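> sequence? don't have it. structure:
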């Protein structure tokens, strides 16, 4: 035996101990697998997958609990699938014939998944009365986001809107009056220049007004990305060019490199107290309604206000780009009826007063005006008046969404890349829009050649 | 003295050389430690104290900011409350034990075949095995899923464990490289004594390849311990998930609880550190002398 | 004849796994690369259209391939060199070597969610550690990951933190060097440098070869860091091949196209690997 030639020190002993542990644990683990528990309940199971984790998962569990308590027929079982793997898990689940009954997803998946026949149209599950009420009551943007080629595939449980956040104290310090906030984009731009601050090396340390987000600004300038009548993309248009040039100009004025360094140093995606707005790095900025809840949690004493993004001359008021969280039902769901009951319960289509409370738990924007008017939702708005700006944007017909095309993700990625180039000054807005249009044309052509578009 | 083995270079290391080695290693340790120290220190902070990137032109984050102040150990109990830690730990360890046993034993057997047995088609199959690692898993994921589903394994641990028993190409290749370096005379003399291939594998090759086997075990442990996608895709019962899934539960794109995430990540990492610290002694030094016993 | 039987018996566990778990998915992914397949509906044959579109009509395909080739050409040699040097250092008999080994292995085990945050902090242009140090000596540091020119080299540099994995393999290889060879060399009066060149390095070549091959395979499939830290940006400067492939497969739901991409990558890797195997007769020493 070779072992005998190794001096039997503690090491040989340790290696044997490790192997023994492995084998014992192996045995214990697999024996434990046979001790399956069969906790059967009389109610029909509704399998619900979502992507929320940590404290957001607790909010979801609270809603699920409420539903289960309200029910005698169905029982929802929630499973959190963190976002990196959620899409794959869902797709494999559908393919394997074992999908969830309902899943909470974000809006960009609706066009491709609906196009690929992964989703069950919700209008098949709704009664005629429910469908009529949904069409009559739901906010326009909810319908735009949840529909694909005339069918309804997603029911919103929380819409996202973008507006201005600003710090009144910094505005006062600059000799301006926050009570008379700019009503035009031009005025806002000139405020921004007065609010910028640089250090002794001319490095930017505070940005007065840093506009970004081409999809948001294109509609504000009266442009847009999609012609719903002609069912065509509208990328390279004069209005869009105006919007993109405005964004580029705001960067050029302060120096592209200076701006890259400034923004790269700040974590604008922070979802905690690290959001640079809280630290005062931006006087006026564009962001979503979720920041209200974030400030409540991480900087409750911050003095800040919100306002809709003002339109430039010839532009559109209350415009912008919107997205949100949607409930979907996959093809092959075993219990679509139960899924629809749950969706109705959470979204508040039937009982807005009960559901209004869920919306306040997460700081979410409502499905219908009836939810917004519910006493509990109104109380929330009174407590956090900054939130009202976003609720007021909901009825706007000028609110755009990303084009409902099956290659929407490709479009979104290409658009991000295009804006990135413009904001770094490596591409002129004119050339950038042309390039984007060409790339998208090539993609559409490729899809046509392969027979994707029918 | 534990044993009177011949120490490589031990006699030739002058104090200056030894000083130089210490110096070089210490320099390397600083960047190597940074991620871990940062994780550890953040795990004892308040969320509001984590790096203050919210102010532009503010103070540069210095090494001093690595010391948590105030000291906030509550992140740990809170992290433990958020997920069923014990259940996940049990599942993780169970899967690790299974895959280590499966992958190391089967890979060793297969590697012996490739390294020490002359048979027709050996080189062909070896190249096939290497090339199975060259196709990105993203495109085989769906067909693979279909296979497991066809076998009726979807929803349980079998897709995560059984393949380990058929050997892992990475380990087979690694062990093949090690087995090939073992002097042929040793096997020949055993063969003259009437030993079969199996006996040679168990009695001669495996004891000599302990460092390599332990390396495989370590990598398999890390692979299974960190595997998040596997359990997520194949398991639907929340009670059957593993620690890697639990860790992901702290990490969400719209959550600001960095401190708790880092506490969870620390808890997730410490078992591996302990294991490695003891294992490296056991396996890296354990058999240094045996190579020369002929 | 008996030899053949014994050989196949030994590799039978892998053969079984290959035929049951691997071969099917391999064949189906080849077949799928000649179809359009949105994952859900039945795949439709399109001939070589995917390959044609990739080669003639997809600038990002070429760009991502170029980025990945560059990465492999930089990161693999650096990784092998760093791994060997580190292992040689860690193979020395100084006090506390176990602690050093553990510390230098640490970066390989800190979860990616934690380490990526650390690197984002270290490379932060305003308050980051590196630019903070540069500021002390009066240099204004660049924007690193946010800089179109520097994001790629930053990722290459970061790959060095992962060298702990191959270091462990080299260490195991070093422990495999028979001590009697050193004894003989010392008796012959060989100094430490000669011993290194004549004994240690040649004996280590099988392991170096292993890490080289695995390094190439890994580099061509490099994905995670770019996915977490830059998601391909800025301006597509870190859109690695595998990242683009992932987007095609799961984000744009274009699995047929992704399969075609995967098989082109497969062929490239296999050709390079086969070439490496060709060269091994020249420089890899198997003692046995």
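Done, it's in. Quick caveat, the model's predicted, so the values are computed rather than measured.

> Of all the residues in the stretch 151-300 of chain A, which one is nearest chain C?
With C-beta to the nearest C-beta as the measure, residue A:265 is the residue of the stretch 151-300 of chain A nearest to chain C, at 2.8 Å. Yep, even glycine has a C-beta here, placed from its N, CA and C like the rest.

> mind checking the backbone torsions on that residue?
Torsion angles at residue A:265 (phi, psi; degrees, to the nearest 10) stand at phi -80, psi -10.

> What count of nearby residues applies to it?
Neighbours of residue A:265 under the rule other C-beta atoms under 10 Å in any protein chain shown: 25.

> go on, residue B:262?
Neighbour tally, residue B:262, other C-beta under 10 Å: 27.

> what about the closest residue to chain A within the stretch 101-250 of chain C, which SS state?
Here the stretch 101-250 of chain C gets closest to chain A at one residue, residue C:126, 2.8 Å apart by C-beta to the nearest C-beta. With DSSP: H, G, I helix; E, B strand; the rest coil as the basis, residue C:126 sits in coil.

> Just give the nearest non-adjacent residue to it, would you?
Nearest residue to residue C:126 in three dimensions, chain neighbours excluded: residue A:265, at 2.8 Å (C-beta to C-beta, 6 or more residues apart in numbering or on different chains).

> Compute the number of surrounding residues for the residue of the stretch 101-250 of chain C closest to chain A.
Per other C-beta under 10 Å, the neighbour tally for residue C:126 reads 25.

> Surely it and residue A:266 touch.
Yes: assessed by C-beta atoms under 8 Å, residue C:126 is found in contact with residue A:266 at 7.3 Å.

> In the stretch 251-400 of chain A, what residue spans correspond to strands?
A:282-288, A:305-307, A:320-321, A:323-328, A:399-400 (DSSP state E, counting those that start in this stretch).

> The longest one and chain B, are they touching?
No: no part of strand A:282-288 sits close enough to chain B to count as contact by C-beta under 8 Å from any C-beta of the partner chain; the gap is at least 8.9 Å.

> any idea how far that strand is from the chain center?
Between the centre of strand A:282-288 and the centre of its chain there are 17 Å (C-alpha atoms, centre = their mean, to the nearest Å).

> returning to what we had before: correct me, but the residue nearest to residue C:126 touches residue C:127?
Yes: using C-beta under 8 Å, residue A:265 is in contact with residue C:127, at 6.4 Å.

> how near is residue A:62 to residue A:363?
Residue A:62 is 14 Å from residue A:363, where distance means C-beta to C-beta, to the nearest Å.

> Revised request: answer the last question for residue A:386.
11 Å.

> quick one: pLDDT of the nearest residue to residue B:236 once chain neighbours are set aside?
Take residue B:236 and drop its neighbours on the chain: the residue closest to it by C-beta to C-beta, 6+ apart is residue B:155, 5.7 Å away. The per-residue pLDDT reported for residue B:155 equals 86.

> number of nearby residues for residue B:155?
Under the neighbour criterion other C-beta under 10 Å, residue B:155 is assigned a count of 16.

> Next: residue A:139.
Using other C-beta under 10 Å, residue A:139 has 25 neighbouring residues.

> list residues touching both of residue A:386 and residue A:363?
Contact with both residue A:386 and residue A:363 is made by residues residue A:292, according to C-beta atoms under 8 Å, 6 or more residues apart in numbering or on different chains.

> Kindly report the residues of the stretch 301-450 of chain A close to chain C.
Contact residues, the stretch 301-450 of chain A versus chain C (C-beta under 8 Å from any C-beta): A:331, A:406-407, A:409-410, A:413, A:416-417, A:420-421, A:424, A:426, A:442, A:445-446, A:449-450.

> And the buried ones among those, selectable in PyMOL?
Buried residues among these (16 or more other C-beta atoms under 10 Å in any protein chain shown), as a PyMOL selection:
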select buried, chain A and resi 406+407+409+410+413+416+417+420+421+424+446+449+450
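
> Tell me which of the residues of the stretch 301-450 of chain A next to chain C fall in helices.
Among those, DSSP state H puts A:409, A:410, A:413, A:416, A:417, A:420, A:421, A:442, A:445, A:446, A:449, A:450 in helices.

> and the last one, what does it touch?
Listed by C-beta under 8 Å, 6+ apart, the contact partners of residue A:450 are C:36, C:46, C:49, C:50, C:53, C:256, C:257.

> list the helices and strands the helix or strand harbouring residue C:24 packs on?
Using DSSP states H and E, residue C:24 maps to helix C:23-32. If contacts are counted by 3 or more C-beta pairs under 8 Å, 6 or more residues apart in numbering or on different chains; DSSP states H and E, helix C:23-32 sits against helix B:137-150, helix C:255-283.

> neighbouring contacts of that helix?
B:132, B:135, B:139-140, B:143-144, B:146-147, C:43, C:255-256, C:259, C:262-263.

> Please identify which helix or strand holds residue A:158.
strand A:155-160.

> and the residue of the stretch 151-294 of chain B nearest chain C?
For the stretch 151-294 of chain B, C-beta to the nearest C-beta, closest residue to chain C: residue B:166, 2.4 Å.

> pLDDT at that residue, what is it?
So, for residue B:166, pLDDT stands at 95.

> What separation is there between it and chain A?
Using C-beta to the nearest C-beta, to the nearest Å, residue B:166 is found at 17 Å from chain A.

> hang on, that residue packs against residue B:106?
Yes: using C-beta under 8 Å, residue B:166 is in contact with residue B:106, at 6.1 Å.

> got any residues that touch both of those two?
Shared contacts of residue B:166 and residue B:106, defined by C-beta under 8 Å, 6+ apart, comprise C:13, C:14.

> Whichever of the contacts of residue A:450 end up buried, select them in PyMOL.
With 16+ other C-beta under 10 Å as the criterion, this PyMOL line picks the buried residues out of the contacts of residue A:450:
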select buried, chain C and resi 36+46+49+50+53+256+257
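
> Throw the contacts of residue A:450 into a markdown table and include pLDDT, secondary structure and distance to chain B, thanks.
Putting the contacts of residue A:450 into a markdown table (pLDDT from 0 to 100; DSSP: H, G, I helix; E, B strand; the rest coil; distance: C-beta to the nearest C-beta, whole Å) gives the following:
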| residue | pLDDT | secondary structure | distance to chain B |
| --- | --- | --- | --- |
| C:36 | 90 | strand | 14 |
| C:46 | 90 | coil | 16 |
| C:49 | 90 | helix | 17 |
| C:50 | 92 | helix | 12 |
| C:53 | 90 | helix | 17 |
| C:256 | 93 | helix | 10 |
| C:257 | 94 | helix | 10 |
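
> Adding distance to residue B:199, write the contacts of residue A:450 out as CSV.
Below are the contacts of residue A:450 laid out as CSV (distance: C-beta to C-beta, whole Å):
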residue, distance to residue B:199
C:36, 55
C:46, 56
C:49, 57
C:50, 52
C:53, 57
C:256, 51
C:257, 52
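
> tell me, which of the contacts of residue A:450 make contact with chain A?
C:36, C:46, C:49, C:50, C:53, C:256, C:257.

> show me the contacts for the third one.
Contact analysis of residue C:49 by C-beta under 8 Å, 6+ apart lists A:449, A:450, C:36.

> hmm, try it at 10 Å
Counting by C-beta atoms under 10 Å, 6 or more residues apart in numbering or on different chains, residue C:49 touches A:446, A:449, A:450, A:451, C:34, C:35, C:36, C:256, C:257, C:260.

> so what secondary structure elements neighbour the helix ranked longest in chain A?
Secondary structure of chain A read by DSSP H shows that its longest helix is helix A:10-34. The contact analysis (3 or more C-beta pairs under 10 Å, 6 or more residues apart in numbering or on different chains; DSSP states H and E) places helix A:10-34 against helix B:85-116, helix B:158-161, helix B:210-226, helix B:258-279.
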